[in-house]
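Novice: sharing a model prediction with you, sequence too.
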Amino acid sequence: MVRLSQAEGNAFHVQADTSTSLILLGILSVVVGIIAFVWPGVTVYALVILFAVYAFLDAGLEAARAFSSRTAGPVFGHLLLGLISLAAGVVALVWPRPTALVLMLVIGIWAVAGGIVEIVGGFGKGETAGTRAMFILTGLVSVAFGVLLFARPDVGAIILALLFGLFSLIYGITRITLGVQLHQLHAQHRFGQSPSALRTAA
């Protein structure tokens with residue numbers, strides 16, 4: 001009988017889970033971005049709800065990626081990202097009377113903190129050059145978005161919604177690209193390395 005070792009099988013399963021989570025997160029980001037763009041008259045409260053839903057779903061997907069990681073570094077990074085998103089969503093919801101300025105600060109802090117974690121994660125061990133570049137690019141986009149919000153604290157709800165929509169679209173596309181890239185690497189590794197990973201038992 002020919003079969004893969006259990007450890008190698010688990011590794012393939014982890015890589016597949018990670019790529020799927022990234023693609024799902026990317027699709028979610030794109031959907032949120034589209035909603036923000038096609039809803040130009042959005043109120044601050046509606047934007048709070050939209051951001052909170054996005055943040056909570058992002059936290060859930062990051063937690064799923066954390067628990068599917070094999071090493072402590074990625075686990076910590078994904079859990080930290082998940083906690084940042086969870087905290088941002090909670091703060092946005094529990095603020096009694098949110099204003100555009102308050103929401104801008106919450107989203108800005110969330111974007112900068114998450115972007116820094118992404119950039120640090122891009123320098124983790126075991127990543128390919130392409131994967132590393134995508135992590136760093138996503139982190140830089142997130143940090144740039146946060147810095148832009150801090151630089152223009154006087155933006156109104158509509159401008160904030162458009163900026164958040166643009167950020168979500170860019171973030172989503174990079175996430176989908178990274179997820180597809182990891183999925184392709186997983187497939188190449190499985191089919192290209194499987195002969196050496198196979199073992200024959202009578």
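Specialist: Thanks, I have it.
Novice: dump the residue contacts of residue 100.
Specialist: Residue 100 is in contact with 44, 155, 156, 157, 160, counting by Cβ atoms under 8 Å, 6 or more residues apart in numbering. (Glycine included, C-beta is placed from N, CA and C.)
Novice: run a quick neighbour tally on the fourth one.
Specialist: As a burial measure, residue 157 scores 20 neighbours (other Cβ atoms under 10 Å).
Novice: pretty sure it sits against residue 50.
Specialist: No. With contacts counted by Cβ atoms under 8 Å, residue 157 stays clear of residue 50, the gap being 11.2 Å.
Novice: how about the contacts of residue 100, which pair is most distant?
Specialist: Between any two of the contacts of residue 100, the greatest separation by Cβ to Cβ is 11.4 Å, found for 44 and 155.
Novice: looking at those two now, which is surrounded by more residues?
Specialist: For residue 44 and residue 155, the more surrounded residue by other Cβ under 10 Å is residue 44, and the numbers stand at 20 against 17.
Novice: could I get the full set of strands for the protein?
Specialist: Assigned by DSSP state E, the chain shows strands spanning 2-4, 198-200.
Novice: quick one: residue 178 and residue 92, what's the gap?
Specialist: 26 Å (Cβ to Cβ, to the nearest Å).
Novice: quick check: longest helix of the chain.
Specialist: Counting residues, the longest helix found in the chain (DSSP state H) is helix 157-197.
Novice: other SSEs contacting it?
Specialist: On a contact count with 3 or more Cβ pairs under 8 Å, 6 or more residues apart in numbering; DSSP states H and E, helix 157-197 meets helix 6-38, helix 44-68, helix 100-122, helix 129-151.
Novice: so for the first one, what's the average pLDDT?
Specialist: Translated: helix 6-38. In this model, helix 6-38 carries a mean pLDDT of 70.
Novice: stretch 46-55 now?
Specialist: Throughout stretch 46-55, pLDDT has a mean value of 84.
Novice: off-centre distance for it?
Specialist: 16 Å (Cα atoms, centre = their mean, to the nearest Å).
Novice: neighbouring contacts of it?
Specialist: With Cβ under 8 Å, 6+ apart, stretch 46-55 has contacts from 28-29, 32, 35-36, 39, 42, 85-86, 88-90, 92-93, 95, 98, 103, 106-107, 110, 157, 160-161, 164, 168.
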